[in-house]
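**Q** fold the following, please.
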Amino acid sequence: MPKRKSTPKQPDYYDYFPPSQPIKAKDGIQSRSQRGAFASNWWAKRWLSVLESYGIGSRLQRGRSYARSGQVLKIEVQVGLVEARVQGSNPKPYKVEIEVAKIADADWERVLDAISEQAIFAAQLLDGTMPQAIETAFETARVSLFPTSIDDIVTECSCRDYANPCKHIAAVYYLLGEQFDHDPFLIFSLRGRTQAQIIEALRKRRATALPVDDSPDANLIVDASGPALEADLAHFWGNNLLDWSAPHIAAPEANATVLHRLESPPGDIRKSLETIYRAMTAHVQAKVFSSSDTETA
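**A** The predicted structure follows:
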């Protein structure tokens with residue numbers, strides 16, 4: 001299958017291929033959208049805008065029809081590459097490949113540095129959401145998260161239609177938009193970094209950036225010298241307590257920070273846990289401070 005680079009809109013020289021009736025696919029990917037827009041989130045819409053900028057006319061419409069009728073059998077997203085199978089009018093499904101230019105490693109390091117400097121970016125990404133201003137981090141490295149020109153994408157299909165993108169490629173594009181809606185990390189993967197790589201890199205940067213406690217009590221060693229427990233059992237249950245300093249108790253500056261450093265849990269459990277965290281914090285503060293007031297009185 002020769003590789004055919006995507007080209008800008010040209011006259012429909014290849015429209016001599018009459019619209020054909022595809023063979024009904026079995027177990028095809030079911031589109032979530034049966035009418036209207038394929039994408040709801042801004043990042044998925046940005047991806048689809050690249051396809052629509054080609055101006056391929058009727059093939060775009062046929063691609064939407066293929067996507068919604070379940071003609072796409074399989075989509076596999078790899079680093080920098082999408083491989084798919086589309087059932088057309090030929091008994092043998094067509095092979096579709098979409099190759100996206102990967103961002104260079106050195107540029108990725110600068111991008112990740114910029115993301116880690118914005119706590120809200122890291123928190124939203126760890127929560128499975130694409131930050132609205134994430135592109136500013138890429139601009140810092142003078143690169144773009146999304147393909148900006150036809151030179152960033154190479155597409156090919158094993159069908160006879162030499163217009164590129166053809167309707168089979170368009171169908172895969174649309175379903176990719178739906179997948180991006182639910183998993184924005186797939187876009188990062190196409191640009192050269194998997195979800196696991198990004199999360200690991202952000203965690204390492206955040207751990208390195210944690211402030212060092214250089215207060216006088218930071219390295220305080222408590223003198224626990226004294227007789228062995230078995231030699232002083234008579235006083236073990238007594239009330240002659242060690243002279244501990246009162247602990248400092250205060251609410252954290254941000255709620256449930258630990259949750260945002262973990263991988264996104266399924267469903268809405270994070271919101272429930274955040275509510276529990278707040279309630280526990282308030283309860284502990286009320287308990288401790290009310291006890292302190294009673295003892296002082």
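**Q** doesn't Ile98 lie inside a strand?
**A** Yes - judged by DSSP: H, G, I helix; E, B strand; the rest coil, Ile98 forms part of a strand.
**Q** you'd agree it is up against Thr155?
**A** Yes - the criterion here is CB atoms under 8 Å, and Ile98 meets it with Thr155 at 5.1 Å. Placement of C-beta: from N, CA and C, glycine included.
**Q** what's the overlap in contacts for the two?
**A** Counting by CB atoms under 8 Å, 6 or more residues apart in numbering, the residues touching both Ile98 and Thr155 are Ile169.
**Q** quick one: the helices in the stretch 151-297 of the chain?
**A** 167-182, 185-190, 195-208, 257-260, 269-296 (DSSP state H, counting those that start in this stretch).
**Q** mean pLDDT lowest for which of those?
**A** When these are compared on average pLDDT, helix 257-260 comes out lowest at a mean of 60.
**Q** rewinding a little: looking at the helices of the stretch 151-297 of the chain, which is buried most?
**A** Among those, helix 167-182 has the highest mean neighbour count (mean count of other CB atoms under 10 Å), at a mean of 25.
**Q** backbone phi and psi for Pro22, please?
**A** Main-chain torsions, Pro22, degrees, to the nearest 10: phi -70, psi 150.
**Q** list the contacts of it.
**A** Applying CB under 8 Å, 6+ apart to Pro22 gives the contacts Tyr66, Ser69, Gln71, Gln87, Gly88, Ser89.
**Q** among the residues you listed, who's most crowded?
**A** Highest neighbour count within the contacts of Pro22, by other CB atoms under 10 Å: Gln71, with 28 neighbours.
**Q** what residues are up against it?
**A** For Gln71, the contacting residues are Pro22, Ala25, Gly28, Val86, Gln87, Gly88, Ala171, by CB under 8 Å, 6+ apart.
**Q** one more time with 7 Å, if that's ok
**A** Contacts of Gln71 were listed using CB atoms under 7 Å, 6 or more residues apart in numbering, and they are Pro22, Ala25, Gly28, Val86, Gln87, Ala171.
**Q** and the furthest pair within the contacts of Pro22?
**A** Ser69 and Ser89 (13.0 Å; CB to CB).
**Q** point to the helix or strand of the protein where mean pLDDT is at its lowest.
**A** When the helices and strands of the chain are scored by mean pLDDT, DSSP states H and E, helix 257-260 comes last with a mean of 60.
**Q** surely Ile187 meets Trp43?
**A** Yes - proximity of Ile187 to Trp43 meets the contact threshold set by CB atoms under 7 Å, at 6.3 Å.
**Q** okay, and the common contacts of the two?
**A** Common contacts of Ile187 and Trp43, defined by CB under 7 Å, 6+ apart, comprise Phe180.
**Q** quick one, strands of the stretch 101-250 of the chain?
**A** For the stretch 101-250 of the chain, the strands defined by DSSP state E, counting those that start in this stretch cover 153-157.
**Q** low-confidence ranges in it?
**A** Low-confidence segments of the stretch 101-250 of the chain (pLDDT under 70): 150, 209-250.
**Q** tell me the contacts of the closest residue to Gly70 other than its chain neighbours?
**A** Nearest residue to Gly70 in three dimensions, chain neighbours excluded: Gly28, at 3.2 Å (CB to CB, 6 or more residues apart in numbering). Contact analysis of Gly28 by CB under 7 Å, 6+ apart lists Gly70, Gln71, Val72, Leu73, Gln87.
**Q** out of those, which comes closest to Thr208?
**A** Using CB to CB, the contacts of Gly28 come closest to Thr208 at Val72, 42.9 Å.
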